[in-house]
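Everything below, folded, please.
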Amino acid sequence: AYGKYLSKKVECLSSKQGKITKQDKAQVVYELRLESPVVALLAFADIPRSTFYYWVKQLNKPDLDKDLKLLIRSIYIEH
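Next comes the predicted model:
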């Protein structure tokens, strides 16, 4: 039942970048963790628990390179 929903959420996240990453899958599993068992979601998403917990810890951290990325992007767009 949750498989179709998980697939749709992952596809929506990945449509911006063109491919589905483990980070995308972990984010969707994190969002659905209260509705379904995490173990089942991880099995369906085909990612290890360690990968899931790694990305969960990364969700709360600020991006230290945000300013640098914005600068690089603006240079890229300009040229």
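
pLDDT below threshold where in this protein?
Low-confidence segments of the chain, defined by pLDDT under 70: 1-18.

So which residue is smack in the middle of it?
By Cα atoms, centre = their mean, the chain has its centre lying nearest to Asp24, at 2.1 Å.

For that residue, identify the helix or strand it belongs to.
Asp24 is part of helix 22-32, with elements assigned from DSSP states H and E.

And the next helix or strand past that helix?
helix 38-45.

by how many degrees do that next one and helix 22-32 diverge?
Helix 38-45 runs at 140 degrees relative to helix 22-32, counting by axes from the mean of the first three to the mean of the last three Cα atoms, to 10 degrees.

Please tell me how far helix 38-45 is from the chain's geometric centre.
Relative to the centre of its chain, helix 38-45 is centred 14 Å away, using Cα atoms, centre = their mean, to the nearest Å.

And the next helix or strand after it, what does it pack against?
Moving toward the C-terminus from helix 38-45, the next helix or strand (DSSP H and E) is helix 49-59. Judged by 3 or more Cβ pairs under 8 Å, 6 or more residues apart in numbering; DSSP states H and E, the packing partners of helix 49-59 are helix 22-32, helix 38-45. Backbone N, C-alpha and C define where each C-beta goes, glycine included.

Would you indicate which residues of the first one are buried?
Okay, so that is helix 22-32. For helix 22-32, a neighbour-count test (16 or more other Cβ atoms under 10 Å) marks 23-30, 32 as buried.

Could you dump the residues you listed into TSV and include distance to Pro48?
Formatted as TSV, the buried residues of helix 22-32 follow (distance: Cβ to Cβ, whole Å):
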residue	distance to Pro48
Gln23	13
Asp24	15
Lys25	11
Ala26	10
Gln27	15
Val28	15
Val29	11
Tyr30	15
Leu32	17
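
Return the member of these nearest to Val56.
Relative to Val56, the closest of the buried residues of helix 22-32 is Tyr30; by Cβ to Cβ it sits at 5.7 Å.

what number of residues lie near the closest residue to that closest one other than its chain neighbours?
Distances taken as Cβ to Cβ, 6 or more residues apart in numbering place Val56 nearest to Tyr30, at 5.7 Å, with adjacent residues excluded. Number of residues near Val56 (other Cβ atoms under 10 Å) recorded here: 14.
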